[in-house]
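Undergrad: Okay, predicted coordinates and the sequence, questions at the end:
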Amino acid sequence: MKILGIDTSSKFLSIAVSEDKNIIKEESYLLDRQHSSQLVPKIKELIKKSRLSIKKIDGFVIGIGPGSFTGLRIGVSTVKGFGIALGKPCIGVASIDAIACNAASASGNEIIPVIDAKRGQVYAAIYRKKGNQIIRISGYLLLPIDKLMKKVKGQSVFLGDGVSLYRDKISDMNRKAVFMEEKYWYPRAGNLIKLGFSRIKRTKKTNLAKLTPLYMYPEDCQVRKP
């Protein structure tokens, strides 16, 4: 089964093509706010490098966030378009779960991705390793860093772009905190594919109306009267 994975939740675009769980090709591009103009061309380029055509893709996995509102909307809309045009299954996987997978080789009691959510808050979740798996043990969180740190115990591994903003505060509140390098802070499409593989393999037809970004700021989706 050939799968295309896409993540547009951050300033990076990550895309990957796999044969089942085996990643054939994976690339990342710093696009910042250019996802709308660059996403489809970059997908076509990667598929061509993989010696495939879009019609040969059997399913699509999209990162649903949390993260950039605009980036998520563009990514999900694009995947829905592929799903409609090709009649192939499409599923969403939380981008923050894919970030946690970047810490698979790190040592620590817990893995905690921290994503800048603006407004003095972070998106976060708490994970633990269980054998070769990384298991989420909290809900998806939107809260100030101080409140997050009250939930953290022992030596924990932190990663995500929120680290650049809150590293000192995290260190002050947890002297055993371990920080991963910046190259591990962002979602990888290959991880999305691996996380979503069992679901997409058994998905025959997708209800595209239910494929939506993981928005945690409801007001972002509302139009306010002046």
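TA: Alright, I've got the coordinates. The model shown is predicted, which means the values in this text are computed figures rather than measured ones.
Undergrad: what's the spacing between the most centrally placed residue in the chain and S14?
TA: Against the mean C-alpha coordinate of the chain, by Cα atoms, centre = their mean, the closest residue is S95 at 1.6 Å. Separation of S95 from S14 (Cβ to Cβ, to the nearest Å): 9 Å. For every residue, glycine as well, the C-beta is placed using N, CA and C.
Undergrad: which neighbours do the two share?
TA: Shared contacts of S95 and S14 (Cβ atoms under 8 Å, 6 or more residues apart in numbering): D7, G63, P187.
Undergrad: Out of the residues you listed, which sit inside helices?
TA: If you go by DSSP state H, these have nothing in helices.
Undergrad: As JSON lines, those with distance to M173 and neighbour count would be great.
TA: Listed next are the shared contacts of S95 and S14 as JSON lines, based on distance: Cβ to Cβ, whole Å; neighbours: other Cβ atoms under 10 Å:
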{"residue": "D7", "distance to M173": "30", "neighbour count": "31"}
{"residue": "G63", "distance to M173": "29", "neighbour count": "35"}
{"residue": "P187", "distance to M173": "26", "neighbour count": "32"}
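Undergrad: And those residues, which is closest to V163?
TA: P187 (14.8 Å; Cβ to Cβ).
Undergrad: Got phi/psi on the residue nearest to the centre of the chain?
TA: phi -60, psi -30 (degrees, to the nearest 10).
Undergrad: likewise N191?
TA: Dihedral angles (degrees, to the nearest 10) for N191: phi -70, psi -40.
Undergrad: Pretty sure it sits against C101.
TA: Yes - contact status for N191 versus C101: in contact at 4.2 Å, counting by Cβ atoms under 8 Å.
Undergrad: hmm, back to that, now, among the shared contacts of S95 and S14, which is nearest to S36?
TA: Nearest member of the shared contacts of S95 and S14 to S36, counting by Cβ to Cβ, is D7, at 15.2 Å.
Undergrad: Fine by me, we can end here.
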